[in-house]
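**Q** Sequence and predicted structure below; questions after.
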Amino acid sequence: MPRNLKLETFDRFVDWFLHPSMVDDKSTRKQARLFLLSHILGPFLGNGVALVLLLADPAPGFEIGVMFLAISGFWAFPFLLRCCGRLELLALISIQNLTFAVLWTTYFYGGATSPFLAWMITIPLLAFFYVGDSRSMRLAIVVLLAVNAAGFYALYHLFEAPAHGLSAVAMQRLGLLSTAAIAAYVTMMALYYAKALASQAELETVMRSHKATASALKQAALQSERASAAKVEFVAKMSHELRTPLNAIIGYSQMLLEEAEGCEEDEDFVDLQRIQSAGQHLLKLVNQILELAKIDAGRMEVFNETLSIAEIVEDLARDLRAGAAERGNLLTVSLDPEIGAITGDRMKIESALSQILHNAIKYTENGTITVTGARVTGLHGEAFRITVEDTGIGIAAEHLPSLFEQFAVNDEQTATKYGGTGLGLALARKLCRLMQGDIAVETELGRGSRFILTFPAKPPAGAVATPSVLSALPGPTQDLGYPQAVAA
């Protein structure tokens, strides 16, 4: 097993003993991990020394058994920490237990010259690891050590220490072993503490980097907002400047056409029609660009009112039938009699549906365009589904992912033949989503397309996002067998 994987596995094992209240506090978590490391690995060193002492003593007594119990008792502390989470209290009890184990063994094996007395130097180190900057805990530990030292001094001078059967050579060997164990214990704790500091420093570096990135993103967002606002203002001003002469061109051409009634075959009459048509097309393009800019900048307002969805659809169909007939198309409307009313913005619903109908007329010749509508119920409540189905040229599958993007066109040949700027569908989808709706398309190249517009019957109160309700609604009532692409 790789070394890093072993360390990660051990870290996860140590973290299992953390109380849930310690997980989110970085400082407490670090102290608790050091506490756990000491109490998981430390007893192995301590019991190792006790085992050597047991083997070296020719007449071991109960004092070694007490030593084993005191050292092995440290293994209970990780479980106590996981159960109660009282790190400071457990640290005090642990230090008291260690002090007792050291002084107990010292008393029975050499007194003031005992090789085990050196373990007392680890107690201030543990206090530093366990309690951190807590003054009250430091004071409590000082008092605890003072009381234990006074008790040991009194016991040592009032009661003669019992004799042990170890030779001077054995005591020296135990001294070397004890010193090595202390060095190993201190090294282990120091290395783990250094690792914790390094991890903390690395984390702080990453956090500083994230803060710098977040600050840069915030500045970029502010600059983007300013640029977007400037774009909207520019587009609005330019639209106004363009609309004024365009309205004049369209108005004068209309007046001249009215005066030229009865001369439809005249070349000037045809030219006037072209002028008016070009002016209207350019005005429509200007309006589309302005609406897209407003939506992108979040400045497009929605004015909801109770509307008759049937009236909206019928009015649009009536206005567009003549244009459809010019291309040999039959435009029909079939609405559910129980379709009812909708709460929404009339202009935006009309604009979105108009974009789809104009597209259907443009890309269909000598065919049929059918508009159907029904009230449906989905996970988000009632909604209206309006379907525009045509028998036109259809859309190739490779163009579906970018179908609703701004300035997206199927291909150069289609754009040259049918015209178009790629703004209509993008605007239609954004208008639908602005009203908490969406658009889906089912199409097959050469067979036609079906665009499905969905609007909630009543927009969610206080909605600020634009979640699509399309995925929560039942599927279309007809199945044409077309491949489907839902605008995401």
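**A** Perfect, thanks for sending it. Every value quoted in this text rests on a predicted model; they were computed, and no experiment measured them.
**Q** show me where the stretch 151-300 of the chain has helices.
**A** 168-259, 267-296 (DSSP state H, counting those that start in this stretch).
**Q** Quickly run through the sheet partners of the helix or strand just after the last one, with directions.
**A** What it means is helix 267-296. Going down the chain from helix 267-296, the next helix or strand is strand 305-308, by DSSP states H and E. Strand pairing for strand 305-308, determined by DSSP bridges: strand 341-344 (antiparallel).
**Q** which residues are contacting the strand it pairs with?
**A** 302, 304-309, 349, 384, 435, 455, 457-459 (Cβ atoms under 8 Å, 6 or more residues apart in numbering). (Each C-beta comes from the backbone N, C-alpha and C, glycine too.)
**Q** Quickly check those residues for the two that are furthest apart.
**A** Taking every pair in those and measuring Cβ to Cβ, the maximum separation is 18.2 Å, between Val302 and Ser308.
**Q** Which of the helices of the stretch 151-300 of the chain has the highest mean neighbour count?
**A** Between these, helix 267-296 has the highest mean count of neighbours, a mean of 16, where neighbours are mean count of other Cβ atoms under 10 Å.
**Q** how big is the angle separating it from helix 168-259?
**A** If you take axes from the mean of the first three to the mean of the last three Cα atoms, to 10 degrees, helix 267-296 sits at 160 degrees to helix 168-259.
**Q** I'd like to know which elements helix 267-296 is packed against.
**A** helix 168-259, helix 424-434 (3 or more Cβ pairs under 8 Å, 6 or more residues apart in numbering; DSSP states H and E).
**Q** ok, Arg170 - contacts?
**A** Just so we're on the same page, residue 170 is Ala rather than Arg. With Cβ under 8 Å, 6+ apart, Ala170 has these contacts: Ala56.
**Q** ok, 10 Å please
**A** Residues in contact with Ala170 (Cβ atoms under 10 Å, 6 or more residues apart in numbering) are 52-53, 56-58, 115, 164.
**Q** Same question for Met300.
**A** Taking Cβ under 10 Å, 6+ apart as the test, what Met300 contacts is 232, 290-294, 345, 348, 430-431, 434.
**Q** CSV please, covering the helices and strands packed on helix 267-296 and showing distance to Ser38 and mean pLDDT.
**A** Converted to CSV, the helices and strands packed on helix 267-296 look like this (distance: least, Cβ to Cβ, whole Å; pLDDT from 0 to 100):
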stretch, distance to Ser38, mean pLDDT
helix 168-259, 6, 81
helix 424-434, 59, 87
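**Q** Which among those is found nearest to Glu314?
**A** The nearest among these, by Cβ to Cβ, is helix 424-434 at 19.2 Å.
**Q** hang on, the earlier thing: could you export the helices of the stretch 151-300 of the chain to TSV, including columns for distance to Thr105?
**A** Listed next are the helices of the stretch 151-300 of the chain as TSV, based on distance: least, Cβ to Cβ, whole Å:
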stretch	distance to Thr105
helix 168-259	9
helix 267-296	78
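**Q** So which of those helices is nearest His19?
**A** Nearest of the helices of the stretch 151-300 of the chain (Cβ to Cβ): helix 168-259, 18.0 Å.
**Q** In space, what's closest to Lys348 - neighbours in sequence excluded?
**A** Leu431 (4.8 Å; Cβ to Cβ, 6 or more residues apart in numbering).
**Q** State the number of residues packed around the one you found.
**A** 27 (other Cβ atoms under 10 Å).
**Q** unless I'm mixing things up, it is touching Ile349, no?
**A** Yes: using Cβ atoms under 10 Å, Leu431 is in contact with Ile349, at 7.9 Å.
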